[in-house]
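# Predicted model and sequence follow; I will ask about them next.
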Amino acid sequence: MKPEDAARLLQAYADGELDPAASLEMEAALAASPALRAALERTRAMSAAIREKADYHAAPAGLAARIGRSLPDRPARRTSRWIFAAAAAGIAALALVPFLIRPVAQDRLAEELIASHGRATVGQRMMDVASSDLHTVKPWLSARLPYSPPVVDLAAKGFPLAGGRVDYIDGKPVAVLVYMRRKHTIEAFVWPEDSGRAVWQTRTGLNIQSFAAEGMRYWLVSDLAAEELREFAALLRASTS
């Protein structure tokens with residue numbers, strides 16, 4: 001993707017409006033451009049500030065009645081009922097917004113994780129530090145992140161640590177731990193966050209699972225069978241709690 005195209009599509013990417021192919025191209029452009037990543041962070045910060053700090057004003061008293069009187073072809077009483085019914089429906093819709101936004105945000109995050117997996121696979125950059133020694137992987141990641149991710153070795157349980165890398169997800173650098181299960185890789189994206197519910201999805205042949213433990217949010221991405229990925233998630237959660 002050309003830099004000018006990436007800049008033009010930045011807002012659409014931030015709003016989750018790009019299709020998977022365009023999102024993958026944008027992820028590659030973000031990984032290669034610190035300036036573009038900074039612009040994305042500014043865009044998301046501005047959107048968050050508008051949602052949190054914008055002024056909202058209640059409609060003046062008597063507005064419904066004045067609107068009703070401005071419609072000469074309808075009896076005022078009937079018009080008022082229609083207006084109040086529409087207002088009630090609008091209020092009910094607004095009440096659903098928090099419940100609708102959360103799945104959309106999770107879907108967008110899942111798309112980012114899939115894009116990260118695609119970049120790592122196609123670019124053969126699954127790991128920046130390749131080691132089965134957690135005392136090598138953890139210091140390497142901690143030196144490059146604003147937090148220290150938990151790193152455990154599950155080789156005795158059949159899921160050996162292979163290494164890790166740093167990637168950008170949701171506009172911030174995150175740790176990616178890579179584990180193996182026979183010839184399958186499991187990417188464990190980890191960042192500080194203790195809110196949110198557990199998630200399970202299957203997309204484009206990949207199983208995605210998320211959970212929170214000890215102040216950290218884990219997102220697992222793998223083509224491993226669902227039962228084995230759930231087993232790994234349980235082991236990882238128990239080892240970090």
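Looks like it arrived, so ask away. Numbering: from 1, shown residues only.

# just checking, residue 169 touches residue 114?
No. Taking contacts as Cβ atoms under 8 Å, residue 169 lies outside contact range of residue 114: 11.0 Å. The C-beta positions use only the backbone N, C-alpha and C, and glycine is treated the same way.

# Looks to me like residue 220 is in a strand.
Yes. If the criterion is DSSP: H, G, I helix; E, B strand; the rest coil, then residue 220 is within a strand.

# Pop the domain breakdown of the chain in here.
Using automatic domain parsing, the domain parsing of the chain gives 3-53, 104-240.

# between residue 169 and residue 114, which one's more packed in?
Neighbours per residue (other Cβ atoms under 10 Å) separate residue 169 from residue 114, with residue 114 holding more: 21 against 17.

# Do I have it right that that one meets residue 205?
No. In this structure, residue 114 is not within contact of residue 205 by Cβ under 8 Å, at 9.9 Å.

# low-confidence ranges in this protein?
Judged by pLDDT under 70, the chain has its weakly predicted residues at 46-61, 63-64, 72-106, 195-198, 204.

# all strands of it, in order?
For the chain, the strands defined by DSSP state E occupy 129-130, 161-169, 172-181, 184-192, 199-203, 206-213, 216-222.

# What count of nearby residues applies to residue 240?
Residue 240: 16 surrounding residues under other Cβ under 10 Å.

# which ones are touching it?
By Cβ atoms under 8 Å, 6 or more residues apart in numbering, the contact set of residue 240 is 150, 152, 213, 214, 216.

# Of those, which is the nearest to residue 13?
Among these, residue 216 lies closest to residue 13 (Cβ to Cβ), at 25.8 Å.

# which residues does that closest one contact?
By Cβ under 8 Å, 6+ apart, residue 216 lies in contact with 149, 150, 190, 191, 192, 193, 194, 240.

# and what of residue 128?
Residues counted as contacts of residue 128 (Cβ under 8 Å, 6+ apart) are 140, 163, 164, 165, 166.

# Which one (most neighbours) among those residues?
Ranking the contacts of residue 128 using other Cβ under 10 Å puts residue 164 first, with 29 neighbours.

# For it, list the residues it contacts.
127, 128, 129, 137, 140, 141, 151, 175, 176, 177, 178 are the contacts of residue 164 under Cβ under 8 Å, 6+ apart.

# How about residue 37?
Taking Cβ under 8 Å, 6+ apart as the contact definition, residue 37 lies against 30, 168, 171.

# what's the answer for residue 132, then?
The contact partners of residue 132, by Cβ under 8 Å, 6+ apart, come to 153, 155, 160, 161, 162, 163.

# if we go to 7 Å?
By Cβ atoms under 7 Å, 6 or more residues apart in numbering, residue 132 lies in contact with 153, 155, 160, 161, 162.

# Out of the residues you listed, the closest to residue 20 would be?
For these, the residue nearest residue 20 by Cβ to Cβ is residue 162; the value is 26.6 Å.

# count of neighbours near that closest one?
Close neighbours of residue 162, defined as other Cβ under 10 Å, add up to 19.

# how close does it get to residue 125?
Separation of residue 162 from residue 125 (Cβ to Cβ, to the nearest Å): 13 Å.

# just the helices in the protein please.
3-8, 10-14, 20-32, 34-53, 63-69, 76-122, 134-142, 226-240 (DSSP state H).

# Can you tell me which helices and strands the second one packs against?
Spelled out, it's helix 10-14. Contact here means 3 or more Cβ pairs under 7 Å, 6 or more residues apart in numbering; DSSP states H and E; on that basis helix 10-14 packs against helix 34-53.
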